[in-house]
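Participant: Dropping the sequence and predicted coords here.
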Amino acid sequence: MALLEVRNVKKVYQPRLVGVGVEALRDVSFSVGRGEFVAIMGESGSGKTTLLNILAALDTPTSGQVLLEGKDIARARERDLASFRREHLGFVFQDFNLLDALTVRDNVFLPLVLANTPHEEMERRLMPLLKALGIGQLADQYPYELSGGQKQRVAMARALITRPSILLADEPTGALDSHASESLLATLERMNARGQTIVMVTHSVGAASHATRVLFLKDGRIYRQVRRGDHTSDELYAAVSRALAATVGRTSGRGSARPRREGPTSA
Amino acid sequence: MRSRFLYARLAAQSLRLNARSYLPYLLSCMVTVALHYDIQFLNMNHGMEQLPGSSSVHGLLSVVVLAVDLFSVFLFFYTNSFLMKRRHHELGLYRILGMERRHLRKLLRREATFVGVVAIGGGLVLGIGLSQLFIVLFRAVMQVDVPLAFEVPRIAVLYTVFVYGFILLLTLLSNLGRVSFVRPIELLHGTDAGDREPRTRWLVVALGVAFLAAGYFISIFTNPLQSLGSFLTAVLLVIVATYCLFSSGSIAVLKRLRADKEYYYQPRHFFAVASMLHRMRRNAAGLATICVLSTMVLVTASTTLCMYVGAVSGAVQEGTSEVRSLLGAYFFVGLFLSILFLMVVTLIIYYKQVSEGYEDARSFAIMRQVGMSEDEVSMAVRGQISLVFLPPLALAACHLLAALPMTSKILMVFGITDAGFVVTCAALTLLAYGMLYLLVYLLTSRIYHRIVASADNGDLASRRQW
């Protein structure tokens, strides 16, 4: 069974009083297997942030199901969701979202503190993770003392310390320069190679080309997908670029836009 | 022609949008103006001349007026600077949209005019209404039949308008000066970066403890009636000690709490301790002020209560009519100052909650994303707020206890010799004040909670756009 299964998810933003709702997601279905690194690509307004918020259980779909390890997170209660989010999901955001008042150590500890983890256990997990991310020497610094790339690694450490089933990343390189971006993406790939399942939303071809599979989101639908297979990251980059160029050519005919598959959807 | 309306409209709009901050400011200005007018009204009332011992009452009221004026300067500047800090973004945005500094100054002048007219005009109306009430109160308390007439002494009105017009003019001038510092580029940077972790200054902690001990010692072992100087010294020492303890002692305590891993790494303490430590340097003065003012309310109100109950129950029997009228004046002044201090404490707490709410909104949005449930948010908020507001009250209660020996010696002058009675008055006052403080704290923490709870992904997203 797939780790994450998204079935016919639809999201309509209804205006508060009267009027026609805006369809952010029309009918999105896909699944993510254990150990995959999936990139979801789309431009602003394609619905990718809405989709990520739904995957993160921060927003609920108008209809459809989101099954994570067989549990429908779209229909869970708020109280259960918080702990579910804490235990099964890790988040990395574009602008890091670190707490200024906490040291790197305490920022990383945050989800464990919320889960009432014993202090010894927190310490036991900390240093190996920080070292794996290349920020072992920063544990007692404050966020304002760090560079953007370092902050994003701290955010990754915070996301991974709970050993989540899925790491959700929202434009993780959006606020980084190209050097820091490359280095962070390499780290993501390394984490993925160690078995971490990752779902990343991005509009950058460069970022997407590090994934094992790229889904294209457009006008609230999954439009197409490209698999990396045995190709290198550079070859995937070219394939993703081609796919995007083809997409741009057929923007206007909304009705005729049908998902075209370039490979099996999932294992 | 049109631009004149434009500024008026912009001014009106920004006052409306900032109502949550401006309304308490306007109200407190009005109440201060009203109380100032009322003291002036009493002081200048023709009936006062016929009062036995009127010269000492006059003297007392004049001193109080001066104290209130000085206090108003502090109060107006404190709240005004709070308001202006919150509006830094807005003014920066106007600059980006192409307004020049002189346009901003024009906008600020329009706003100040509006605030001035409402605060002083409304305050005078309120004060004139209240003065009638005060006549009744004054008569009842003085127990002397004074022909205090309902009148509106022109000089009291003019004096009030002049004093508060001047104070508001000063705040306007400081705002106009501030405009020079609004640079559009500042808008692009975050506001809360770079509060370094404060160091514990042990010397200041030691000084605080020493001053506190000295102040308490004077209060317990000397007689204030023999030297007014020692009384004032004790008050001053305790005030300085309070500021020392809140600025440095608090940091020492918080660091101790943070070092205790079992305590610190709990959902309810974690964020509270860290964020409080993070902004302690900015917060110390506010908390110390809350403590000092609370002490003043407690000491003034308990002494006043003692006098009043003593007078009513006939404990003060051999007093001449002069002592009685002085007693009445003290009661009146005590009541007046208690109201004023209480109002200021409420205002400071309110502004603290609002500003910290906005500061913490982003943090709570992040914690919610990381997996904090609404219940846990509420719990953390409670932990946070009680850590901030209980210490000032506790220290104020401690000060009150230490002040008892001194106040009971003063009360003896008025024929109140029963020490147990003085202690009972203090305990009752503490109880009443504690309940009032708790009420303010609960109401304002609801505002804090609402601000924090309304923050969601939208807040994080909108920050991104900046």
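Facilitator: Done, it's in.
Participant: remind me which residues of the chain are low pLDDT?
Facilitator: Assuming you mean chain A. Scanning chain A for pLDDT under 70 picks out A:1, A:247-267.
Participant: actually chain B
Facilitator: In chain B (pLDDT under 70), the answer is B:1-4, B:51-53, B:56, B:138, B:141-148, B:181-196, B:227-228, B:312-326, B:455-466.
Participant: could you point out the longest helix in it?
Facilitator: Counting residues, the longest helix in chain B under DSSP state H turns out to be helix B:321-370.
Participant: and that helix, how far from the chain's centre?
Facilitator: The chain centre lies 4 Å from the centre of helix B:321-370; the measure is CA atoms, centre = their mean, to the nearest Å.
Participant: just checking, next helix/strand downstream of the helix or strand that contains A:Val113?
Facilitator: Per DSSP states H and E, A:Val113 falls inside helix A:104-114. Downstream of helix A:104-114, the next assigned helix or strand under DSSP H and E is helix A:119-132.
Participant: before we move on, the earlier item: show me the contact partners of the helix holding A:Val113.
Facilitator: Residues outside helix A:104-114 that contact it (CB atoms under 8 Å, 6 or more residues apart in numbering or on different chains) are A:86, A:98-99, A:102, A:121-122, A:125-126, A:129-130, A:135, A:138-143, A:146, A:154, A:157-158, A:161-162, B:265-267, B:270, B:274, B:367, B:370-372, B:376. Just so you know, the C-beta spots here come from the backbone N, C-alpha and C atoms, and that holds for glycine as well.
Participant: likewise stretch B:233-243?
Facilitator: So stretch B:233-243 is contacted by B:207-212, B:214-216, B:218-219, B:222, B:284-285, B:288, B:291-292, B:295, B:395, B:399, B:402, B:406 (CB under 8 Å, 6+ apart).
Participant: Show me how to select, in PyMOL, the buried members of the residues you listed.
Facilitator: Of those, the buried ones can be selected in PyMOL as follows, counting by 16 or more other CB atoms under 10 Å in any protein chain shown:
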select buried, chain B and resi 207+208+211+212+214+215+216+218+219+222+284+288+291+292+295+395+399+402+406
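Participant: neighbours around the residue lying closest to A:Val154 once chain neighbours are set aside, how many?
Facilitator: With CB to CB, 6 or more residues apart in numbering or on different chains as the criterion, A:Val154 has its nearest non-adjacent residue at 5.2 Å, and that residue is A:Val104. By other CB atoms under 10 Å in any protein chain shown, the residues close to A:Val104 number 26.
Participant: picking up where we left off before, selecting buried members of the contacts of helix A:104-114 in PyMOL, what would you type?
Facilitator: Provided next is the PyMOL selection string for whichever of the contacts of helix A:104-114 are buried by 16+ other CB under 10 Å:
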select buried, (chain A and resi 86+98+99+102+122+125+126+129+130+135+138+139+142+143+146+154+157+158+161+162) or (chain B and resi 265+266+267+270+274+367+370+371+372+376)
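Participant: Could you list the contact residues of the stretch 301-450 of chain B toward chain A?
Facilitator: B:363, B:366-376 (CB under 8 Å from any CB of the partner chain).
Participant: same thing but at 7 Å, please
Facilitator: B:363, B:366-367, B:369-376 (CB under 7 Å from any CB of the partner chain).
Participant: Who are the contact partners of the residue in the stretch 51-200 of chain A that chain B sits nearest to?
Facilitator: Residue nearest to chain B within the stretch 51-200 of chain A: A:Arg86 (2.9 Å; CB to the nearest CB). Contacts for A:Arg86 (CB atoms under 7 Å, 6 or more residues apart in numbering or on different chains) come out as A:111, A:114-115, A:162, B:370-371.
Participant: swap the cut-off to 6 Å and go again
Facilitator: Contact analysis of A:Arg86 by CB atoms under 6 Å, 6 or more residues apart in numbering or on different chains lists A:111, A:114-115, B:371.
Participant: all strands in the stretch 1-150 of chain A, in order from the N-terminus.
Facilitator: Assigned by DSSP state E, counting those that start in this stretch, the strands in the stretch 1-150 of chain A fall at A:4-13, A:22-32, A:37-41, A:63-68, A:71-72, A:89-92.
Participant: OK, contacts around B:Gly208?
Facilitator: Residues near B:Gly208 by CB under 6 Å, 6+ apart: B:241, B:244-245, B:249.
Participant: Closest one of these to chain A?
Facilitator: Looking across these and measuring by CB to the nearest CB, the closest to chain A is B:Gly249, at 19.9 Å.
Participant: From B:Leu176, how far out is the residue lying closest to the closest one once chain neighbours are set aside?
Facilitator: Of all residues not flanking B:Gly249 in the chain, B:Val205 sits nearest, at 5.0 Å (CB to CB, 6+ apart). Distance of B:Val205 to B:Leu176, computed by CB to CB, to the nearest Å: 40 Å.
Participant: Please name the residues that touch the closest residue to chain A within the stretch 351-466 of chain B.
Facilitator: Closest residue of the stretch 351-466 of chain B to chain A, CB to the nearest CB: B:Gly371 (2.9 Å). Contact analysis of B:Gly371 by CB under 6 Å, 6+ apart lists A:82, A:85-86, A:111, A:114.
Participant: which non-adjacent residue is nearest it?
Facilitator: A:Arg86 (2.9 Å).
Participant: And for residue 91, the neighbour number?
Facilitator: The chain I'm using is chain A. 25.
Participant: switch to chain B, that's the one I care about
Facilitator: 23.
Participant: SS state for it?
Facilitator: What DSSP: H, G, I helix; E, B strand; the rest coil gives for B:Leu91 is helix.
Participant: now swap in B:Ile416 and tell me
Facilitator: coil.
Participant: what number of residues lie near it?
Facilitator: 22.
Participant: and what of B:Ala8?
Facilitator: B:Ala8 has 15 neighbouring residues, counting by other CB under 10 Å.
Participant: That one - nearest residue in space that isn't next to it in sequence?
Facilitator: In space, and not counting its chain neighbours, B:Ala8 is closest to B:Arg110: 5.8 Å by CB to CB, 6+ apart.
Participant: so who does the one you found touch?
Facilitator: Counting by CB under 6 Å, 6+ apart, B:Arg110 makes contact with B:7-8, B:11.
Participant: Let me know the secondary structure of it.
Facilitator: Under three-state DSSP, B:Arg110 comes out as helix.
Participant: what about it, distance to B:Gly116?
Facilitator: 11 Å.
Participant: quick one: the helices in the stretch 201-350 of chain B?
Facilitator: Taking DSSP state H, counting those that start in this stretch, the helices of the stretch 201-350 of chain B run over residues B:202-221, B:228-244, B:250-259, B:261-264, B:267-278, B:280-312, B:321-370.
Participant: For the fourth one, give me every contacting residue.
Facilitator: Contact with helix B:261-264 is made by A:119, B:257-258, B:269, B:273, as judged by CB under 6 Å, 6+ apart.
Participant: Show me which of B:Val205 and B:Leu176 is the more surrounded one.
Facilitator: The neighbour comparison of B:Val205 against B:Leu176 (other CB under 10 Å) goes to B:Val205, with 19 against 15.
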